[in-house]
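> sequence first, predicted coordinates after that:
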Amino acid sequence: MKSVIKGTGYVLVHTPDMVIENGATQTTERVVNPEGEYLKALPNHIRTWDQVLEYWPNQVYIGNKTPDDLRDVEFPWFDKTCDVNDRYGKFGQMMPQDEFYLLMQVSDVFDLVDLEAGFVAATKEAFAANKVISEDLVARVKDGVDAAAIQNAIDNEAAEPLLMGGKVIGCVKRAHEIDVNLSAHTMLENIVSKASSVLALLTAVDSTGIAKDDIQYVIDCSEEACGDVLQRGGGNFAKAAAEIAGLNKATGSDTRGFCAGPSHALIEAASLVQAGTYDCVAVTAGGCTAKLGMNGKSHVEKGMPVLEDMLGGFCIILGANDGINPEINLEAVGRHTVGTGSAPQAVIQSLTYDPLEKLGLSANDIDRFSPEMQNPDITKPAGAGDVPEANYKMIAALGVKKGAIEKKAMPDFIKAHGITGFAPTQGHIPSGVPSIGFLRDLLLAGDIKRAMIIGKGSLFLGRLTNLFDGTSFIIQANSGEAEAAGAVSEDEIRGMVAKVMREFAQSMLDASEE
């Protein structure tokens, strides 16, 4: 029986000070060009909390608007105001930076995150009011420390500062004096990823109504790696986040594949559920501080706000077939193999058409394709174009070559089968998965029958191979074949065996008496 998508959780965290302090583009600029015009101009291009709330793609990400709604908004979007500015949406929420700092401290179990006492007192009530923050998490918030102690850690112990409006309100300390894998810089990145994953897990549990103890396994598919000098990226983010989220009956592990990690992880999760290894699996990922302001130079040069000011996170919960929720079809998955190569046609063939042809389907049988869902408001000013649209054009062009689509029908095909990009450029976050909440709704409503999730990854970034990577899978409307309600458990089998043995023993006794 196929596994099903029980629900989703999507989160965004507004981190204006982290853009300046922790984004890789900005930290590099402070080294190579500290007096440059970009760093001087940057603070004037940082968005406010109200501005990010009314930004169209953000409202799409958390489910208050749909990608189809966004498609009808005149481009560019950064200078348009959405008519919804709620921090909570159908799929998740946006969290402001001050509350997130408390979540970082709550997620820290080695006393590495110090926050100033006055800041904690001013923020704790708002943190506690968050709909997914439970009393046990609020109880983990520490009272805070003196500002002088924080400044000393920054000045003399290589701690990384945490700022609000340019003012130091905390720090992340190093976990080891000489191990670069446990430096304050690395610990900040890892705690940020963990905390945003915790928020995604809590959000998915809240939106689905699934009991925390029902989740048996967690797979983290972010792009960070935790470990010390003896195993560097050994892990395990999944179990670390599950601990804070209160998933006490779960274990877990990490899956890494650069931007393709989420699609690999979802295929693994679906396989585990379909095999009966686990009944309920959560696939989760937190955000990446290094990618904050990644294209900031291009945005500032064009007089735009720096749009990469949001950490992203998501959680997809898979379970046994209930006869209702959309199924993940593992009968044919797209695979970019070692021998596929990097030619665009070969990539699209392996990820899109190979699985379709195996199932006897054509591109027209997929109602919606969800490839790399980067927000073009971010990528076009930086010269990268509209990434989702480029993928749809390649899918349509190969369809024309195969005779499945008429050349003149390509624009209509792209409009009908594509999804407008809306996700933050957080590496792994845009890679196919942001659309799953939206697609699940369409499938449940009967508006579509099938959709394809396409993940891609640039393995060459690790300098160990020149290979590209990718994988894909189809989600489809439920066939209505739920797991058999009368399925017998192991305990029931043991009970039946014991009953038969008792009856047999009694019959032998009766026979001997006769």
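Okay, I see it. Numbering: from 1, shown residues only.
> residue contacts, the residue positioned nearest the centre of the chain?
Most central in the chain under CA atoms, centre = their mean is residue 314, positioned 3.2 Å from the mean C-alpha point. For residue 314, the contacting residues are 8, 9, 10, 11, 200, 262, 284, 285, 429, 433, 434, by CB atoms under 8 Å, 6 or more residues apart in numbering. For glycine as for every other residue, the C-beta is placed from the backbone atoms N, C-alpha and C.
> and the fourth one, bridged to which residues?
Taking DSSP bridges, one obtains residue 93, residue 313 as the residues bridged to residue 11.
> can you list the strands that the one helix or strand residue 452 maps to pairs with?
Per DSSP states H and E, residue 452 falls inside strand 450-457. Using DSSP bridges, the strands paired with strand 450-457 in its sheet are strand 368-370 (parallel), strand 469-476 (antiparallel).
> quick one: closest of those to residue 238.
Residue 238 sits nearest to strand 469-476 of all the strands paired with strand 450-457, at 19.3 Å, using CB to CB.
> so which bits of the closest one are buried?
469, 470, 471, 472, 473, 474, 475, 476 (16 or more other CB atoms under 10 Å).
> just those now: which is nearest residue 95?
Using CB to CB, residue 475 comes nearest to residue 95 of the buried residues of strand 469-476, at 27.9 Å.
> assign residue 82 to helix, strand or coil.
coil (DSSP: H, G, I helix; E, B strand; the rest coil).
> can you get me a residue count around it?
Look at residue 82: counted by other CB atoms under 10 Å, it has 20 neighbours.
> what does the model give it for pLDDT?
Looking at residue 82, its pLDDT is 98.
> let me know whether it touches residue 55 as I believe.
Yes. Using CB atoms under 8 Å, residue 82 is in contact with residue 55, at 6.6 Å.
> returning to what we had before: tabulate the buried residues of strand 469-476 (a markdown table), appending distance to residue 451 and pLDDT.
A markdown table is the format used below for the buried residues of strand 469-476 (distance: CB to CB, whole Å; pLDDT from 0 to 100):
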| residue | distance to residue 451 | pLDDT |
| --- | --- | --- |
| 469 | 21 | 95 |
| 470 | 17 | 96 |
| 471 | 15 | 98 |
| 472 | 11 | 98 |
| 473 | 10 | 98 |
| 474 | 7 | 98 |
| 475 | 5 | 98 |
| 476 | 8 | 98 |
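> need those in TSV (columns: distance to residue 76).
Formatted as TSV, those follow (distance: CB to CB, whole Å):
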residue	distance to residue 76
469	31
470	29
471	32
472	30
473	32
474	33
475	31
476	35
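> looking at those, which is nearest residue 361?
Each of the buried residues of strand 469-476 was checked against residue 361 using CB to CB; the closest is residue 474, at 8.5 Å.
> that closest one pairs with what?
Under the criterion used (DSSP bridges), residue 474 bridges to residue 329, residue 452.
> from residue 38, how far out is residue 450?
45 Å (CB to CB, to the nearest Å).
> tell me which of those two has more neighbours.
Neighbour count, other CB under 10 Å: between residue 450 and residue 38, residue 450 has more, with 19 against 15.
> my read: that one touches residue 366, true?
Yes. With contacts counted by CB under 8 Å, residue 450 reaches residue 366, the gap being 5.3 Å.
> list residues touching both of the two?
Contacts common to residue 450 and residue 366, judged by CB under 8 Å, 6+ apart, are residue 474.
> now do the helices in the stretch 251-400 of the chain.
Taking DSSP state H, counting those that start in this stretch as the criterion, the stretch 251-400 of the chain contains helices spanning 261-274, 296-301, 344-348, 354-358, 376-379, 387-401.
> possible to save those helices as a markdown table with mean pLDDT, distance to residue 412 and mean neighbour count?
Output for those, formatted as a markdown table (pLDDT from 0 to 100; distance: least, CB to CB, whole Å; neighbours: other CB atoms under 10 Å):
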| stretch | mean pLDDT | distance to residue 412 | mean neighbour count |
| --- | --- | --- | --- |
| helix 261-274 | 98 | 27 | 24 |
| helix 296-301 | 98 | 32 | 20 |
| helix 344-348 | 94 | 19 | 17 |
| helix 354-358 | 98 | 19 | 17 |
| helix 376-379 | 98 | 20 | 23 |
| helix 387-401 | 97 | 9 | 20 |
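> residue 290: which of those is closest?
When those are ranked by proximity to residue 290, the top entry is helix 296-301, at 12.4 Å, counting by CB to CB.
> next, residue 186: phi, psi?
phi -70, psi -40 (degrees, to the nearest 10).
> in this protein, which helix or strand is least confident?
Here the helix or strand of the chain ranked lowest by mean pLDDT, DSSP states H and E is helix 490-513, holding a mean of 52.
> what count of nearby residues applies to residue 213?
12.
> what's the distance between the residue lying closest to it once chain neighbours are set aside and residue 454?
Leaving aside its sequence neighbours, residue 213 sits nearest to residue 249 (CB to CB, 6 or more residues apart in numbering; 4.4 Å). Residue 249 sits 33 Å away from residue 454, going by CB to CB.
> so between these two, which is more surrounded?
Set residue 249 next to residue 454 and count neighbours by other CB under 10 Å: residue 454 wins out with 24 against 14.
> the more buried one contacts residue 348, doesn't it?
No. Using CB under 8 Å, residue 454 makes no contact with residue 348, being 9.1 Å away.
> can you check which residues contact both of these two?
Here residue 454 and residue 348 share the contacting residues residue 391, scored by CB under 8 Å, 6+ apart.
> sorry, back to before: could you check the angle helix 387-401 makes with the strand holding residue 452?
Calculated by axes from the mean of the first three to the mean of the last three CA atoms, to 10 degrees, strand 450-457 forms an angle of 120 degrees with helix 387-401.
> so strand 450-457 versus helix 261-274, what angle?
Using the same axes, to 10 degrees: strand 450-457 against helix 261-274 is 130 degrees.
> for this protein, give me the ranges with low pLDDT.
483-514 (pLDDT under 70).
> burial check on residue 414, number of neighbours?
18.
> one step back: mind putting the helices of the stretch 251-400 of the chain into TSV with distance to residue 188?
Shown next, in TSV, are these (distance: least, CB to CB, whole Å):
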stretch	distance to residue 188
helix 261-274	21
helix 296-301	19
helix 344-348	35
helix 354-358	40
helix 376-379	23
helix 387-401	29
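> what bridges to the residue nearest to residue 260 when sequence neighbours are not counted?
Excluding the flanking residues, the one nearest residue 260 by CB to CB, 6+ apart is residue 457, at 3.2 Å. Beta bridges link residue 457 to residue 469 when assigned by DSSP bridges.
> for residue 439, see how far away residue 359 is.
Taking CB to CB as the measure, residue 359 falls 18 Å from residue 439.
> please read the previous query as pertaining to residue 273.
Residue 273 is 19 Å from residue 439, by CB to CB.
> immediately after the helix or strand hosting residue 205, which helix or strand?
Under the criterion of DSSP H and E, residue 205 resides in helix 184-208. Next in sequence after helix 184-208, counting helices and strands by DSSP H and E, comes strand 217-220.
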